[in-house]
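**Student:** Generate coordinates for the sequence data below:
(one chain, ligands or ions: 1)
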Amino acid sequence: MTNWQELERKYFMQTFSRVPVTLVKGQGARIWDEDGREYLDFVAGWAVDTLGHCHPVVAEALAEQARTLIQTSNQFYTIPQLRLAELLVQNSCLDRVFFCNSGAEANEGAVKLARRYGKLKLNGAYEVITAMGSFHGRTLAMVAASGQSKFQQPYLPLPVGFVNVEYNSIEAIKTATTKQTCAVMLEPIQGEGGVNLPDDDYLPAVRAWCDQNGILLILDEIQTGLGRLGTLFAYEQSGIEPDIMALAKGLGSGVPIGAILTKEGASVFAAGEHGSTFGGNPLACAAGYATLKFTLDNDIAGNAKRVGKYFIAGLEGLKQKFQFVTDVRGCGLLVAMEFSRDIAQLVLMACLDRGLLVNRLKPNALRFMPPLIIGNAEVDEAIGILDKALSSIR
Ligand SMILES: Cc1ncc(COP(=O)(O)O)c(C=O)c1O
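**Tutor:** Below you'll find the model as predicted:
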């Protein structure tokens, strides 16, 4: 039998700390390894598989589109991207869409759009204020945008034009704002940085500050969007609207796709000023349309809200039981559990042994981001496994 993990060590750049399991098949919230072992998947491709693995509407849309037209170029009109763009605009506060292929690329485009706006409307302002602890992607500019030194240090010097300020502090944003500022870019809840929730008045205060200064508010909803927090987009919960929003992850329920959405007033790209070979590709957009349509028609966001509440209550129960669980936090189905010691890897492995996949967020914290189609039964199962896994920790 092929030793796939050995092949990875031999041929792959060693950038990922992988869990020693080779996954070969998925269905709904379940996934199977090469030995046929079944797992309940609370990682979901890092908050990607919105509708679970290989959802029939997505698989069918892909198969149908694959038989019809896979790729042409943006030199021509294609129907799947226009259908998806229309559905996104009809169901968000934004007016126009640009498609790309990943989260980092969506954020890059969002920043380029803000810089273009700065050049045209703000006397050449180009700086973007971002938050410490944020994560916006792995391109050089997005490493500069992400306020985490572990991602920045290996690549110094970084592209200019980003100011990282304290998260959840409107004062920090005010202090950092200068004549060179064209935008503030934030995740509504910081995902990779720790599932960090801001105070309720933070985003409204940032919105007001941006309005007062004529600068743009970019929301990176790559992890929070498409229902994960219990509403289609996270901004709905803070009663504000962004000028620009970046999407990716859950939009294609597993198929790579990203999108920049913008208000009409910030839609300043002229022909040729931005582009992509694969962005808006018919195959990816067919998956995106199927995912979004099913999400809307079946109130998947509402399900994430209800099941997320039930899940957090279950995790709170475990917190009561195990003293070393120090915090449970999250919203919808983006949830973290923090420990008093660096035992996240041990708990992850103990869950894996018992058939549950979870994500190590930090040495002392786990993150849970299951498919949004799960119900209370899957939550009960996950809580049962976590209970046993936590009991095994000495
Ligand atoms: C909020 C946020 N922005 C951007 C990214 C980068 O997305 P991608 O890995 O698709 O480039 C991520 C990925 O985790 C993310 O969580």
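**Student:** burial of the closest residue to the ligand within the stretch 251-394 of the chain, as a residue count?
**Tutor:** Nearest residue of the stretch 251-394 of the chain to the ligand: residue 258, at 6.6 Å (C-beta to the nearest ligand atom). For glycine as for every other residue, the C-beta is placed from the backbone atoms N, C-alpha and C. Using other C-beta atoms under 10 Å, residue 258 is surrounded by 29 other residues.
**Student:** likewise residue 126?
**Tutor:** By other C-beta under 10 Å, neighbour count at residue 126 equals 19.
**Student:** same deal with residue 298?
**Tutor:** A count of neighbours around residue 298, defined by other C-beta under 10 Å, yields 14.
**Student:** can you pull the contacts of it?
**Tutor:** By C-beta atoms under 8 Å, 6 or more residues apart in numbering, residue 298 lies in contact with nothing.
**Student:** Walking through the stretch 251-394 of the chain, point out its strands one by one.
**Tutor:** 258-262, 325-331, 334-339, 356-357, 359-362, 365-368 (DSSP state E, counting those that start in this stretch).
**Student:** Going along the chain, name the helices of this protein.
**Tutor:** Counting by DSSP state H, the chain has helices at residues 4-11, 44-47, 56-68, 79-90, 103-121, 140-145, 149-152, 170-176, 202-213, 235-238, 282-297, 300-321, 344-353, 376-391.
**Student:** ok, now how distant is the residue most central in space within the chain from residue 135?
**Tutor:** By C-alpha atoms, centre = their mean, the chain has its centre lying nearest to residue 223, at 1.7 Å. Here the criterion is C-beta to C-beta, to the nearest Å. By it, residue 223 lies 8 Å from residue 135.
**Student:** Next: residue 21.
**Tutor:** Taking C-beta to C-beta, one finds residue 21 at 24 Å from residue 135.
**Student:** Looking at these two now, which is surrounded by more residues?
**Tutor:** residue 135 (26 against 15).
**Student:** Not counting sequence-adjacent ones, nearest residue to that one?
**Tutor:** Of all residues not flanking residue 135 in the chain, residue 192 sits nearest, at 3.7 Å (C-beta to C-beta, 6 or more residues apart in numbering).
**Student:** Tell me who's in contact with the residue of the chain found nearest the ligand.
**Tutor:** Nearest to the ligand in the chain, going by C-beta to the nearest ligand atom, is residue 103, at a distance of 2.2 Å. Neighbouring residues of residue 103 by C-beta under 8 Å, 6+ apart: 136-137, 220, 222-223, 246, 248-249, 258.
**Student:** Now, these that are in strands?
**Tutor:** 220, 246, 258 (DSSP state E).
**Student:** nearest spatial neighbour of the second one, skipping sequence neighbours?
**Tutor:** In other words, residue 246. residue 106 (3.9 Å).
**Student:** That neighbour contacts residue 112, doesn't it?
**Tutor:** No - judged on C-beta atoms under 8 Å, residue 106 makes no contact with residue 112 at a distance of 10.8 Å.
**Student:** neighbour count winner among the two?
**Tutor:** A count of neighbours by other C-beta under 10 Å puts residue 106 above the other of residue 106 and residue 112, at 32 against 16.
**Student:** Dump the helices of the chain to CSV, plus mean pLDDT.
**Tutor:** Shown next, in CSV, are these (pLDDT from 0 to 100):
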stretch, mean pLDDT
helix 4-11, 96
helix 44-47, 98
helix 56-68, 98
helix 79-90, 98
helix 103-121, 98
helix 140-145, 98
helix 149-152, 97
helix 170-176, 98
helix 202-213, 98
helix 235-238, 98
helix 282-297, 98
helix 300-321, 98
helix 344-353, 98
helix 376-391, 98
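**Student:** and the strands of the stretch 251-394 of the chain, which is most packed in?
**Tutor:** With neighbours taken as mean count of other C-beta atoms under 10 Å, those reach their highest mean count in strand 258-262, at a mean of 28.
**Student:** And it, what does it pack against?
**Tutor:** Judged by 3 or more C-beta pairs under 8 Å, 6 or more residues apart in numbering; DSSP states H and E, the packing partners of strand 258-262 are helix 79-90, strand 96-100, helix 103-121, strand 244-247.
**Student:** can you tell which of these is closest to residue 158?
**Tutor:** helix 103-121 (13.2 Å; C-beta to C-beta).
**Student:** Just want the angle from that closest one to strand 96-100.
**Tutor:** Orientation note: helix 103-121 sits at an angle of 140 degrees relative to strand 96-100 (axes from the mean of the first three to the mean of the last three C-alpha atoms, to 10 degrees).
**Student:** Now helix 103-121: buried residues?
**Tutor:** 103-118, 121 (16 or more other C-beta atoms under 10 Å).
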